[in-house]
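[1] Okay, sequence plus prediction incoming.
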Amino acid sequence: MVASLDIFLRAVGIGFAIAAPVGPIGLLCIRRTLVDGRAAGVATGPGAATADAVYGLMVAAGFAATGVLVSHARPLAIGGGMLIAWLGLMSVRGFLRAPVAGLTAGLPVGHDHPARGVLSAWATTFALTLSNPMTILAFVGMVAALGSAAASQPAAPYWLVGGVFAGSALWWLLLVQMALVARTRLTPGATRWLDLGSGIVLLLWGGTSVLSAL
């Protein structure tokens with residue numbers, strides 16, 4: 001039991017560390033929290049955490065599919081870059097089509113938009129995280145670092161996956177909470193401009209990812 005708890009706690013730390021660098025998914029989480037509300041932000045984080053857990057399970061269980069995914073890193077990166085660019089384009093399009101008056105009428109900062117789709121927020125982030133199979137390499141190093149402790153525990157892969165998910169989810173919940181604190185201090189107009197800025201960054205980020213993968 002002590003060894004299993006040790007594996008779980010190490011996996012929590014590494015799951016947190018893998019999730020913490022703010023990339024396009026982190027920016028997307030912040031944007032959704034600021035613009036769409038708590039539910040969309042909270043749904044975005046678990047999408048990434050679930051994908052991290054899937055990769056962790058594949059590596060810990062020694063699935064041969066991990067090599068297949070790494071060998072197809074280029075098309076997956078292109079697909080992920082296109083999805084990021086599309087999400088950025090939708091933000092820019094929404095900014096251009098929605099006047100400030102229409103945005104602020106009856107929709108103060110802090111209002112959530114359940115119609116935006118919590119499931120959609122989870123699914124897009126899950127797909128984006130899975131589109132970067134090079135994340136597997138981080139988990140390969142993680143499993144190697146666990147060493148004999150993991151090898152001697154039949155349930156180690158499950159403790160590993162649970163810890164990775166918990167650590168990743170912890171980071172995303174913290175990020176959402178920080179974004180919510182910032183949201184209470186922003187005017188609707190400022191939130192709208194931040195939405196535009198994040199959309200442009202996502203569009204450029206996705207385009208760069210596609211070009212670098214070609």
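    Received, thanks.

[2] where do the helices sit along this protein?
    Along the chain, the stretches classed as helices by DSSP state H are 2-19, 24-36, 38-60, 65-71, 73-97, 100-104, 118-130, 135-146, 148-151, 156-183, 188-213.

[3] now the last one: how far from the chain's centre is it?
    Relative to its chain's centre, helix 188-213 lies at 15 Å (Cα atoms, centre = their mean, to the nearest Å).

[4] helices and strands around it, which ones?
    Counting by 3 or more Cβ pairs under 8 Å, 6 or more residues apart in numbering; DSSP states H and E, the packing neighbours recorded for helix 188-213 are helix 24-36, helix 73-97, helix 100-104. C-beta coordinates here come from the backbone N, C-alpha and C atoms, glycine included.

[5] tell me which residues in it are buried?
    By neighbour count with 16 or more other Cβ atoms under 10 Å, helix 188-213 contains the buried residues 191-192, 194-195, 198-199, 201-203, 205-207, 209-210, 213.

[6] give the contact list for the closest residue to F95 other than its chain neighbours.
    Distances taken as Cβ to Cβ, 6 or more residues apart in numbering place L196 nearest to F95, at 4.2 Å, with adjacent residues excluded. Residues in contact with L196 (Cβ atoms under 8 Å, 6 or more residues apart in numbering) are 91-92, 95.

[7] ok so, going back, and of the helices and strands packed on helix 188-213, who's closest to L57?
    Among the helices and strands packed on helix 188-213, helix 73-97 comes nearest to L57, with 18.0 Å by Cβ to Cβ.

[8] rewinding a little: among the contacts of L196, the buried ones, what's the ChimeraX command?
    Entered in ChimeraX, the line below selects the buried ones among the contacts of L196, by 16+ other Cβ under 10 Å:
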select :91,92,95
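
[9] which one among the contacts of L196 gets closest to L160?
    Among the contacts of L196, S91 lies closest to L160 (Cβ to Cβ), at 35.7 Å.

[10] The closest one is in contact with R32, isn't it?
    No - counting by Cβ atoms under 8 Å, S91 stays clear of R32, with 9.9 Å between them.

[11] quick one: low-confidence ranges for the chain?
    1-3, 22, 59-73, 98-116, 133-155, 157 (pLDDT under 70).

[12] Point to the residue nearest the middle of it.
    The residue lying closest to the centre of the chain (Cα atoms, centre = their mean) is A48, at 3.6 Å.

[13] So which bits of stretch 176-184 are buried?
    Burial within stretch 176-184, assessed by neighbour count using 16+ other Cβ under 10 Å, is assigned to 176, 179-180, 183.

[14] Adding distance to G162, write those residues out as JSON lines.
    Shown next, in JSON lines, are the buried residues of stretch 176-184 (distance: Cβ to Cβ, whole Å):
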{"residue": "V176", "distance to G162": "21"}
{"residue": "A179", "distance to G162": "26"}
{"residue": "L180", "distance to G162": "26"}
{"residue": "R183", "distance to G162": "31"}
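
[15] Quick one: residues contacting the residue nearest to the centre of the chain.
    Applying Cβ under 8 Å, 6+ apart to A48 gives the contacts 19, 25, 29, 125-126, 128-129, 168, 172.

[16] Dump these into CSV; add distance to Y55 as well.
    Formatted as CSV, the contacts of A48 follow (distance: Cβ to Cβ, whole Å):
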residue, distance to Y55
A19, 12
I25, 14
C29, 18
T125, 14
F126, 11
L128, 13
T129, 8
S168, 10
W172, 16
